[in-house]
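# whatever this is, show me its structure:
(chains A, B, C and D)
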2 protein chains.
Amino acid sequence: MTVRSEPSQHAGMRASNLALVFGEVARTGPVSRARVAANTGLTKSSVSGLVTDLISAGLVGESAPAATERGRPATALTLAPGGAAGLGLEINVDYLAAMVTDLTGAPRYHHVVRRDNRDRAVDEVVADLIEVARTAAASAAAQGLPLAAACVAVPGLAVDGTVVRAPNLGWTRVDLAAAIQEATGLEVDLENEANLAALGEMWFGGHEHEGGPLRDFVHVSGEIGIGGGIVVGGEVFHGAHAGAGELGHVVVVPDGPRCGCGGHGCLERMAGQQEILARAQVATMNELTHACEASEQAALDAVADAGRHLGVALSSVIKLLDPAAIVLGGAFATLAPWLTTATAASISHHSGAAEPPRLLVSGLGSDAAVRGAAGTVVRRVIADPAAHLARRP
Amino acid sequence: MTVRSEPSQHAGMRASNLALVFGEVARTGPVSRARVAANTGLTKSSVSGLVTDLISAGLVGESAPAATERGRPATALTLAPGGAAGLGLEINVDYLAAMVTDLTGAPRYHHVVRRDNRDRAVDEVVADLIEVARTAAASAAAQGLPLAAACVAVPGLAVDGTVVRAPNLGWTRVDLAAAIQEATGLEVDLENEANLAALGEMWFGGHEHEGGPLRDFVHVSGEIGIGGGIVVGGEVFHGAHAGAGELGHVVVVPDGPRCGCGGHGCLERMAGQQEILARAQVATMNELTHACEASEQAALDAVADAGRHLGVALSSVIKLLDPAAIVLGGAFATLAPWLTTATAASISHHSGAAEPPRLLVSGLGSDAAVRGAAGTVVRRVIADPAAHLARRP
DNA sequence: CACTTTAGTTCACGACTCAGACTATCTAAC
DNA sequence: GTTAGATAGTCTGAGTCGTGAACTAAAGTG
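Reported below is the predicted structural model:
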């Protein structure tokens, strides 16, 4: 079967215009109906009707008219923070996390449970996550925030609600979405942690590009493994089987040592945390940071070396994907002061580009993925308010 | 400014449904109105109205009713071959080419002028291409084929109708689209040759994937340089500045020799035609093929070596883009018998994937790009017939 | 020859957006 | 203080388009 689009009907037309208006309100803060009409190309009367629907659905709020310049003062429209909320969850190697954001994307609840999940039974971890999710949902309810859905960040490949594999957790074929859906009653989506971190960075990282938000970039997340999130036109690029963006397994040393993935000379094998720590002769990332701050040569060399390997991988990324920027996140953000010089030099050496994409550093740290997860839910409501209303009339 | 979509209006609704119906007719060969209605989800009456428009526009033809099973026999709808046609042009290092295809994608005119364009003045080459285009347009007119537009394949980066750079031709900033547009009166689009070859391969190469046409793949075109075309969901992936897909400059030997692009150890530097020929100690690709057919060791080694390097680059492609297949075109298609074993082994070694994407060989040869160019024009008409009608009422 | 089945058309209806008139509410000028 | 001008928002009639059901058309079956 090939893709076949839906027929355009009146309801679809209205849904599309509803999204257009709602998106405009979301993008341009407090706005008048008149401005929305001018910006979207719809007529004032159409906007009025659509806004009425959005207000009665509780998605948009109206503030008291305030005089601005001349003429009748405009009533300002804003996203109603209480209109819909998103629950973001995250399973990772050494923690579980939950976050609730309101419609504006503002965090309203955030909780992290630190615990190594590698050696535990899958069911136990899932049970813990359900507990975390329930607590978060209760907090949302207490704040009067209606959760629209949930999204879970997993450190591996997720397809159709199932964790196909999560190498660093040792998981294969775990039907996670169904379990959480049953426990919370929410629709649940799974998505790769690196991809959600990239989205979180895009929505909440504050990066700009040519006047607008950054919409075409690659996010490098250095957790225990090295992940990549490719964002194209504001959307995650998934590839044919949702396996795209595996930056950690790009070949950087063709005759290099065998990697856990079965390949040879992968970036993760050459510049992953394990390798860096071993070379720097320290045990933890904290120690590594301290050693770098103390300018210890072994540590600096280890990080610079990783930076060079990263540069090789990113050169290929640049040639293949032509991103507008590259964002370093996770451990690489922490190590950025000692890393980026080597990485930039390596990119320049290998790609020879006169104007390589900008190399940015994440400001969100390890919260990027949960924020992205919660944000995904909320963004989906904004992208298609009609679908959201159809689900809860 | 950020992207903002158009408001949905009645005209847009009709345009969208027109495209839906037209696309269905194009996809499923001769079909009845009733089947189109069932397949698209539109009602019979809507389809009737839309089909009436398409027929009176000359885009769809109606054949005599033919009894099939029970009931009233259906009148079959097909693409009207004479409804619209596309002009594809190609500038390459050692030839110029033109092709006209009708609405069904069938070639109706094809002409290739072999001549080395490297040492000639830009204006001369452009003048020659215009001549080639005019002759092709005359042939189309003689056959009663109304050209909808033209599309030119260029061996380099093209943005907004301008050839920004074409390294192997030595061109920079050539305003090609305007020149051809003025000469022929047609709307002219430029696109990278490797990308068009990929599209040509998709539309006319006959590859299948899971029952449908292949829509997510990477096409490798080995001409004088090595180009790559990334196709995602049936569309070319361009990246932020239209520079994506530069497979030839993916790093395959991190400490390798300097490449013409300014980088080091690029695939093109290690496995381009120049390198293969030198290693095999022959002068032309023809000689190389003969040497391989004669099982001469130097030639076989040179090709296998190139295949290994190609495998390294493709491993990174697979990890980053997760394509459903990889199609080898151009010189790599010719060399496939002596190349693919080494390439497949290298991919397996470096990516360690249990189920790597299929490695296919192009059947179109060096015509892929012109066919893709002409096909692009026609496909655009099929994708948005309303826009096409608006241009010529 | 009636009955069934399928294809395609016609037409009243409803859902939408549009355009423009109309009302509301402010500032600026006299 | 009043009036003109500007801007915001609502209301109403007209036009467009898909829907759904009734209707006509053209075959096969018993």
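
# so which residues of chain A form helices?
Along chain A, the stretches classed as helices by DSSP state H are A:10-27, A:33-40, A:44-56, A:122-142, A:176-184, A:193-204, A:267-271, A:273-280, A:285-293, A:297-321, A:331-334, A:336-351, A:368-383, A:385-391.

# for the second one, which outside residues touch it?
Applying Cβ atoms under 8 Å, 6 or more residues apart in numbering or on different chains, the external contacts of helix A:33-40 come out as A:17, A:20-21, A:24-25, A:28, A:31, A:42-44, A:46-48, A:51, A:74-75, A:77, B:4, B:7. Yep, even glycine has a C-beta here, placed from its N, CA and C like the rest.

# from these, list the buried ones, please.
The neighbour count (16 or more other Cβ atoms under 10 Å in any protein chain shown) marks A:17, A:20-21, A:24-25, A:31, A:42, A:46-47, A:51, A:74-75, A:77, B:7 as buried among the contacts of helix A:33-40.

# restrict the residues you listed to those near DNA strand C?
Restricting the buried ones among the contacts of helix A:33-40 to those near DNA strand C by Cβ under 7 Å from any atom of the strand leaves A:17, A:42, A:46, B:7.

# closest to residue B:260 among these?
The shortest approach to residue B:260 among those belongs to residue B:7, at 48.3 Å (Cβ to Cβ).

# residue numbers of the stretch 151-300 of chain A in contact with chain B?
Counting by Cβ under 8 Å from any Cβ of the partner chain, the stretch 151-300 of chain A comes close to chain B at A:211-213, A:215-216, A:228, A:230, A:232-234, A:237-247, A:249-254, A:259, A:261-265.

# which ChimeraX command selects the buried ones in these?
In ChimeraX, a selection of the buried entries from these looks like this (16+ other Cβ under 10 Å):
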select /A:215,216,228,230,232,234,237,238,239,240,242,243,244,245,246,247,249,250,251,252,253,254,259,261,263,264,265
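
# and the helix or strand bottoming out on mean pLDDT in chain A, which strands flank it?
Within chain A, no helix or strand scores below strand A:208-209, which has a mean of 85 by mean pLDDT, DSSP states H and E. Here strand A:208-209 is paired, per DSSP bridges, with strand A:212-213 (antiparallel).

# could you check the pLDDT of the nearest residue to residue A:256 once chain neighbours are set aside?
Once flanking residues are discounted, residue A:256 sits nearest to residue A:265: 2.6 Å by Cβ to Cβ, 6 or more residues apart in numbering or on different chains. For residue A:265, the pLDDT comes out at 93.

# can you check residue A:4 too?
55.

# now the nearest residue to residue A:161 once chain neighbours are set aside: how far from chain B?
Nearest residue to residue A:161, sequence neighbours excluded (Cβ to Cβ, 6+ apart): residue A:177, at 3.1 Å. Remark: distance between residue A:177 and chain B (Cβ to the nearest Cβ, to the nearest Å) = 21 Å.

# residue A:177 and residue A:388, how far apart?
19 Å (Cβ to Cβ, to the nearest Å).

# next one: residue A:24
Distance check for residue A:24 against residue A:388: by Cβ to Cβ, it reads 17 Å.

# and what of residue A:377?
Going from residue A:377 to residue A:388 by Cβ to Cβ gives 10 Å.

# one more: residue A:158?
Separation of residue A:158 from residue A:388 (Cβ to Cβ) stands at 23 Å.

# so which of the two has more stuff around it?
Ranked by neighbour count (other Cβ atoms under 10 Å in any protein chain shown), residue A:158 and residue A:388 place residue A:158 first, with 24 against 20.

# and that one, what does it touch?
Contacts of residue A:158 by Cβ under 8 Å, 6+ apart are A:152, A:164, A:176, A:190-192, A:242.

# show me what it is bridged to.
Beta-bridge partners of residue A:158, counted by DSSP bridges, are residue A:163.

# how much space between it and DNA strand D?
35 Å (Cβ to the nearest atom of the strand, to the nearest Å).

# what pLDDT does the model give that residue?
95.

# next up, the contacts around residue A:57.
Each residue near residue A:57 by Cβ under 8 Å, 6+ apart is listed here: A:83, A:385, A:389.

# same list (those) but as a markdown table, adding neighbour count.
A markdown table is the format used below for the contacts of residue A:57 (neighbours: other Cβ atoms under 10 Å in any protein chain shown):
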| residue | neighbour count |
| --- | --- |
| A:83 | 25 |
| A:385 | 25 |
| A:389 | 19 |
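
# let me know the closest of the residues you listed to DNA strand D.
Of all the contacts of residue A:57, DNA strand D sits closest to residue A:385, with 17.9 Å by Cβ to the nearest atom of the strand.

# give me the distance between the closest one and residue A:234.
In terms of Cβ to Cβ, residue A:385 sits 18 Å off from residue A:234.
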